[in-house]
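Asker: quick one, structure for this:
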Amino acid sequence: MKLKDLDNKKIGFSHGALHKLIDIYSKAAIDIYKSYSKDALELSLVRREGIDKVRNIIPHAKDIVYKSIHLPSDVVYKNDADTIKILDEVAIYYKELEADLVLLHPDVVEDWKVFDAYPFNWAIENMDSNHSVYTTVDQLEVFFKERPNWKFVLDLNHCYSNDRTMKLAKDFIARLGNRLAEVHLSGYEVYHEPLFRNDQDIIIEQCKDLAVPIIIESTFDNLDDIGKEFDYISKYLMSSR
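Answerer: Purely as a prediction, here's the structure:
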């Protein structure tokens, strides 16, 4: 399936999708993602150790059209030297990569003011059922009243974990669609399983009318599955038009 068949909809991968199979901070990993799509990639610094490792792959990701950076989720962000050190490093990568977005999980933030010194395109994502905050539209609306310049990433896996009918996703789109910068897409049983295995087309359905980049966050147990997932999602979105 060629992306041009989807009216140039940008679809790509979280670069952590192959973490079970390959060093994701290697050129080889980036080459695998680029063999399916050069339209979108999210550099996933899910753990703090990724901050230093990601410098190895930035030169190989520059030719991708849309790039986002996911900050580590094992850090508590506050206005201190440790947080500033992390953000200073990310600022270097943001510039070198010519990234379009920096996003983070909002539940790990203690002091939002620390981000004000960094003129990135910032976004938060909605959280899954393991969290009690940042899971509803009302909660995100309160956040955006305080931080009106921020965007949001709609994580459809997280929506499904909270509401199997996906009405929650529809409400996010209806009420916060003007702030939508990116979509995270994967199946959901326990974690981020591939959609081609799960028969969860109700999750993909929420993407069909969205004009923002789609980042596939499914994780894979073998290299063949990455192609199966990309083709499954692409074909579904094409058939939905």
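
Asker: avg pLDDT for stretch 32-40?
Answerer: Average pLDDT, stretch 32-40: 96.

Asker: may I have the distance across it, first residue to last?
Answerer: Here the two ends of stretch 32-40 are set 13 Å apart, with distance taken as CA to CA, to the nearest Å.

Asker: which parts of it are buried?
Answerer: With burial defined by 16 or more other CB atoms under 10 Å, the residues of stretch 32-40 counted as buried are 32-34, 36-40. The way it works is simple: take the backbone N, C-alpha and C, and place the C-beta from them, glycine included.

Asker: neighbours of the closest residue to Asn56 other than its chain neighbours, just the number please.
Answerer: Distances taken as CB to CB, 6 or more residues apart in numbering place Tyr25 nearest to Asn56, at 5.3 Å, with adjacent residues excluded. By other CB atoms under 10 Å, 20 other residues sit near Tyr25.

Asker: list the contacts of Tyr25.
Answerer: Taking CB atoms under 8 Å, 6 or more residues apart in numbering, we find Tyr25 in contact with 50, 53-54, 56-57.

Asker: let me see the ranges of the strands in this protein.
Answerer: For the chain, the strands defined by DSSP state E cover 11-14, 40-44, 66-70, 101-104, 122-125, 151-155, 180-185, 214-216.

Asker: please identify the most buried of those.
Answerer: strand 214-216 (a mean of 27; mean count of other CB atoms under 10 Å).

Asker: about what we covered before: now the strands of the chain as a markdown table including distance to His192?
Answerer: Converted to a markdown table, the strands of the chain look like this (distance: least, CB to CB, whole Å):
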| stretch | distance to His192 |
| --- | --- |
| strand 11-14 | 9 |
| strand 40-44 | 11 |
| strand 66-70 | 13 |
| strand 101-104 | 16 |
| strand 122-125 | 13 |
| strand 151-155 | 10 |
| strand 180-185 | 9 |
| strand 214-216 | 9 |
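
Asker: of those, which is nearest Glu141?
Answerer: strand 151-155 (10.3 Å; CB to CB).

Asker: what strands line up against that closest one, and which way round?
Answerer: Under the criterion DSSP bridges, strand 151-155 sits next to strand 122-125 (parallel), strand 180-185 (parallel) in its sheet.

Asker: point out where this protein drops to low pLDDT.
Answerer: Residue ranges of the chain with pLDDT under 70: 1-8, 190, 240-241.

Asker: quick one, helices of it?
Answerer: 27-36, 50-53, 58-61, 81-97, 137-146, 156-162, 167-176, 195-198, 201-204, 224-239 (DSSP state H).

Asker: I am finished for the moment; much appreciated.
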